[in-house]
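Participant: no sequence for this one, just the structure:
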Ligand code: TIU
């Protein structure tokens, strides 16, 4: 594949497939299926499930194009020693580490913590386990990207205003160019979805670009 550009707002983003990675943020049962952390916080998971189909299309296009694909999962050690006490106290009906219908909420190794079958990683795709909202904090993501000579990130996943934009901000400060396909990210709150996306591309792409699944798929297939 030759270098080309993603159709995006506020302007097109040139990219080279050899230095571009897809980062799929936290498409875990705990956030997108009933009974997990998202629902425990009082949210309706149906709001974020619309991202699954477009994410499948972008994931398939990335695999076909042969670009690097990385998945992240938010969660904690079984003994919760890597979970800040302040994070443990926050939630709704159920808290991190407590039993739920898909195992202990947001605990590594539990069914709810794992990635949904529709977007499951295949061999060769790194999975980054992260204790925080941002994918760079206390993980080896930066090292993986640097070793892969990656400069551009296509960032998908949930939720738009929490783990997606936290990661995009972290990546932007580290010199990566981030593009977010708007239909591949989901929020439990429609107004947060709208404004989180507007913030990314405001002020001449202050910390990233916004696009859509179709434009990403078309550019990767070009
Ligand atoms: N609550 C919420 O919107 N999100 C999170 O807690 N984690 C992620 O976004 N992955």
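Facilitator: Thanks, I have the structure now. All figures in this text were calculated on a predicted structure; none of them were measured in a lab.

Participant: from here on, contacts and neighbour counts on C-alpha atoms
Facilitator: Will do.

Participant: tell me how far the worst-scoring helix or strand of the chain on mean pLDDT is from the chain's mean position?
Facilitator: When each helix and strand of the chain is scored by mean pLDDT, DSSP states H and E, helix 37-40 comes last, with a mean of 89. How far helix 37-40 lies from its chain's middle: 17 Å, per CA atoms, centre = their mean, to the nearest Å.

Participant: Does anything pack onto the following helix or strand past it? Which helices or strands?
Facilitator: Next along the chain after helix 37-40, taking DSSP states H and E as the criterion, comes helix 52-65. Using 3 or more CA pairs under 8 Å, 6 or more residues apart in numbering; DSSP states H and E, the elements in contact with helix 52-65 are strand 68-74, helix 213-221.

Participant: which stretches of the protein form helices?
Facilitator: With DSSP state H as the criterion, the chain has helices at 29-32, 37-40, 52-65, 85-88, 141-147, 165-173, 190-205, 213-221.

Participant: re the thing from before, list of residues touching the least confident helix or strand of the chain?
Facilitator: Here helix 37-40 makes contact (CA atoms under 8 Å, 6 or more residues apart in numbering) with 30-32, 44-45, 91-96, 105-106.

Participant: And for stretch 23-33?
Facilitator: Taking CA under 8 Å, 6+ apart as the rule, stretch 23-33 contacts 36-39, 45-46, 48-49, 69-74, 102, 105-106, 111-116, 119, 135, 153-158, 163-164.

Participant: how long is it end to end?
Facilitator: 20 Å (CA to CA, to the nearest Å).

Participant: do stretch 92-102 as well
Facilitator: 17 Å.

Participant: Same question for the least confident helix or strand of the chain: list its buried residues.
Facilitator: Across helix 37-40, burial judged by 16 or more other CA atoms under 10 Å covers 37-40.

Participant: residue contacts, residue 96?
Facilitator: Residue 96 makes contact with 37, 88, 104-107 under the criterion CA under 8 Å, 6+ apart.

Participant: Excluding covalently adjacent residues, which one is nearest to it?
Facilitator: For residue 96, ignoring the flanking residues on the chain, the nearest one in space by CA to CA, 6 or more residues apart in numbering is residue 105 at 5.0 Å.
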